[in-house]
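Enquirer: A predicted structure for the sequence below; I have some questions about it.
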Amino acid sequence: MRLSAATALITFATTLAVPAMAEDWTVASPDGDLTITARHEAGEGVSYRVDYAGGDESRQAIGWSPLGFTLEATKGYERVETIADFSEGLSFVSVDESGGTDAYTMHTGKRLENEAGWNGLSLTFRDDETELLLRLDLRAYDEGVAFRYVLPEDDIFFHEVTREATGFNLGEDGTHWGAPYDFYTTYHPSYETFYTAQPTGTSTPESAGTAWGFPSLFEVNDLYVLIHESDVDGSYQGSHLATDAPGGVYTIAPPMAQEAEGFGKNTPSWTLPWEMPWRFAIVSDELADIAESNLVFHLAEPSKVEEDGFVEPGTATWSWLSDHGSPTDMAKLQKSIDLAADMGAEYTLVDANWNTMGNSAMEDLVAYADEKGVGLWFWYNSGGRHNIVSEQPRNIMSDPVKRRAEFAKLQRLGVRGVKVDFWQSDKQDMMAYYHALLADAAEFGIMTNFHGSTIPRGWERTWPHMMTKEAVRGAEFYSFEGQADYTAKAPAQNATHPFLRNVIGSMDYTPVHFSQFADNTRLTTNAHEAALAVVFESGVLHLSDSADAYAAIPQDWRDFLGSVPAAWDETKLLAGEIAEYAVVARRKGDVWYVGAINGTGEAMEIDLDLSDIAESGDALFTLSDDGEDGFGTEEGTLDSVTPTVALEPYGGLVMVLGE
């Protein structure tokens, strides 16, 4: 283990700046660039800080920040008493060192083969009032740092976390890129707000939401710090950041009580022992390290699926966005299946209300798709008592008996996956619902896609058949009335997602829409839309335009969209600035796919360095805006590994190297 101090991993603070009887423990990343330090003052609580030593000088990434929570004993839904406040009144008990290297394989994401080295400390404290033990686990990776709380003792009674003191001190001199956590409505929270930039410490705008959602990205001291959580299971809620951040200290906040139509508690409770989620920070002075990180998966529970041969990433056609009524029209759905077969796409998604066509609708569609060699996904409502959305079929996925019977039917028919929509809550019982559904789906060999959902929290590693999630303000908003705000902001949001939303997991944005909607004029160019198939990562890539629209584009463009991979061996950010532009390179086998998008209304030229992914003379295929009707195609060879690429306003470019 690399030690973070000159002679020992565990150090005692003795300077005059530190109060008497304070103790510090520091653990460093394997490369020594990152450290996380915990501090305890006798009879008080624990705090931590994160420092980055890469480059010419050490810099603070996260200042001294509070840790701890208040615990109450519960009996059913009734609170009995406050039994411990782990934010104060603690006595140090012991420290243990740990470390290792985890190697694992993903089925989706930015990188399939992963190897993550880490160093760790486990600090055990005792609550002075109750003598209940708390263990604080710290980890340092080369990519970032993480911590979690563990209550290690056995106890059959449920214990409830009524308040978290956990904070992240980013100060008031930086920039925060974040999206507000939604208000509660029939369709929210669903992580579909816009990402914006504001000074650190800024409260959530009253008109935008109730708090700050995860993930949040900060630029402080010439460092980038992305905050998120991982390994949230049915024993905890999904958390976010509180509305206010006084002094730049962002604290953990729970879901809203009114979520899920008021059903379920918005504070977590569990029996002991209790391992709580990992909270983590990806830290670097380079944006590429943020965009390429898989830290959210390093911290997640390993796969629970023993037989995962049914997990097959791919491309899907989808009729709903161009025609909301198409899922109730057999002829239109068959046309979408024909499109998948013609383009070489693996799947077709059959969206809401398909069951209203009659009892044999699923069987008829499966039979038709089988003849075409296309796999089918079917839409379901997640409700249930927790939403009042009427789209069908509903009251199946929320009932364990009906759900398992439905999955058995899907397996028998050869249906490949389900899209389950309208979750609208991060409460603990909803987290348990996700995991229960995923466990059942795995047993019956069914892949999943969640919409109107929570954000990814590392579950793609735990449940490799969870192919993608929405949790983004995606292309469907082009089809809704009164979305001029969306169309104006979409290009910049597209150039933001590689640094925020898509960092933490697959994102079903449903991109590559060439058509225009009557009410909302798309600003992005055709090549921008095509490039999103590479810039955005999703285990199932849903092509959102109509069969007629794709039939009208050049064959080379159709061939590209039908063959672009949905899972990647390697990912690199070649260039980018948040909300301005992004150039993402992804490798499948020996072929590199490069997608470039301009999120601004000004033409730009970007200097690229392709020396890590290509050589001069390599085969080169490009899609650009420089062509008839904005569909430019060129085949040849790469002239230089340091090209300068030109992008039109809101434009894009696709390069395929080595094919």
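Expert: Sure thing, it's come through.

Enquirer: and the strands in the stretch 451-600 of the chain, which stretches?
Expert: 466-469, 540-543, 570-577, 581-588, 591-598 (DSSP state E, counting those that start in this stretch).

Enquirer: compare those strands and give me the one nearest residue 557.
Expert: strand 540-543 (11.3 Å; CB to CB). (C-beta placed from N, C-alpha, C; glycine too.)

Enquirer: ok, which of the strands of the stretch 451-600 of the chain comes nearest residue 83?
Expert: The nearest among these, by CB to CB, is strand 466-469 at 35.9 Å.

Enquirer: what about the closest one, distance to the chain center?
Expert: Averaging C-alpha positions (CA atoms, centre = their mean, to the nearest Å) puts strand 466-469 10 Å from its chain's average.

Enquirer: list the contacts of that strand.
Expert: Residues outside strand 466-469 that contact it (CB atoms under 8 Å, 6 or more residues apart in numbering): 108, 311, 313, 417, 438, 447-451, 453-456, 459-460, 505-508, 538-540.

Enquirer: ok, residue 639 to residue 617 distance?
Expert: Counting by CB to CB, to the nearest Å, the gap between residue 639 and residue 617 amounts to 8 Å.

Enquirer: wait, what's in contact with residue 46?
Expert: 38-40, 67-68, 90, 123, 125, 136.

Enquirer: at 7 Å what do you get?
Expert: 38-40, 67-68, 90, 125, 136 (CB atoms under 7 Å, 6 or more residues apart in numbering).

Enquirer: okay, the longest helix seen in the chain in PDB with CA atoms only?
Expert: Criterion DSSP state H: the longest helix present in the chain is helix 428-443. Presented in PDB, the C-alpha positions along helix 428-443 are these (Å, rounded to 0.1, in the frame of the first residue of the first chain):
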ATOM      1  CA  GLN A 428     -36.400   3.200  -0.300                       C
ATOM      2  CA  ASP A 429     -39.400   1.000  -1.200                       C
ATOM      3  CA  MET A 430     -39.000   2.100  -4.800                       C
ATOM      4  CA  MET A 431     -35.300   1.200  -4.800                       C
ATOM      5  CA  ALA A 432     -36.400  -2.300  -3.500                       C
ATOM      6  CA  TYR A 433     -38.900  -2.500  -6.300                       C
ATOM      7  CA  TYR A 434     -36.300  -1.900  -8.900                       C
ATOM      8  CA  HIS A 435     -34.100  -4.600  -7.500                       C
ATOM      9  CA  ALA A 436     -36.900  -7.100  -7.100                       C
ATOM     10  CA  LEU A 437     -38.000  -6.500 -10.700                       C
ATOM     11  CA  LEU A 438     -34.400  -6.900 -11.900                       C
ATOM     12  CA  ALA A 439     -34.000 -10.100 -10.000                       C
ATOM     13  CA  ASP A 440     -37.100 -11.600 -11.600                       C
ATOM     14  CA  ALA A 441     -36.100 -10.400 -15.000                       C
ATOM     15  CA  ALA A 442     -32.700 -12.100 -14.700                       C
ATOM     16  CA  GLU A 443     -34.300 -15.300 -13.700                       C
END
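
Enquirer: name the residues that touch that helix?
Expert: 232-234, 236-238, 260, 264-265, 268, 305, 386, 397, 400, 403-404, 407, 420, 423, 448, 463, 465-466.

Enquirer: mind listing the strands for the stretch 1-150 of the chain?
Expert: With strands called from DSSP E, counting those that start in this stretch, the stretch 1-150 of the chain shows them at 10-11, 22-28, 34-41, 46-52, 59-66, 69-75, 78-85, 90-105, 113-127, 133-141, 144-164.

Enquirer: nearest to residue 613, out of the ones you listed?
Expert: strand 113-127 (17.0 Å).

Enquirer: can you give the strand pairings for the closest one, parallel or anti for each?
Expert: strand 90-105 (antiparallel), strand 133-141 (antiparallel) (DSSP bridges).

Enquirer: would JSON lines of these with distance to residue 433 and mean pLDDT be doable?
Expert: Putting the strands paired with strand 113-127 into JSON lines (distance: least, CB to CB, whole Å; pLDDT from 0 to 100) gives the following:
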{"stretch": "strand 90-105", "distance to residue 433": "26", "mean pLDDT": "97"}
{"stretch": "strand 133-141", "distance to residue 433": "27", "mean pLDDT": "98"}
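
Enquirer: highest average neighbour count across those?
Expert: Neighbour counts (mean count of other CB atoms under 10 Å) averaged over each of the strands paired with strand 113-127 peak at strand 133-141, with a mean of 23.

Enquirer: re earlier: among the contacts of helix 428-443, which are in strands?
Expert: Members of the contacts of helix 428-443 lying in strands (criterion: DSSP state E): 420, 448, 466.

Enquirer: now, which of those residues sits nearest residue 655?
Expert: Nearest to residue 655 among the ones in strands among the contacts of helix 428-443, counting by CB to CB, is residue 466 at 30.3 Å.

Enquirer: wait, a helix at residue 410?
Expert: Yes. Assessed with DSSP: H, G, I helix; E, B strand; the rest coil, residue 410 lies in a helix.

Enquirer: ok, it - how many residues close by?
Expert: 22 (other CB atoms under 10 Å).

Enquirer: ok, now residue 642?
Expert: Counted with other CB under 10 Å, the neighbours of residue 642 add up to 10.

Enquirer: what about the residue lying closest to it once chain neighbours are set aside, distance to residue 640?
Expert: Excluding the flanking residues, the one nearest residue 642 by CB to CB, 6 or more residues apart in numbering is residue 609, at 5.7 Å. Distance, residue 609 to residue 640, using CB to CB: 10 Å.
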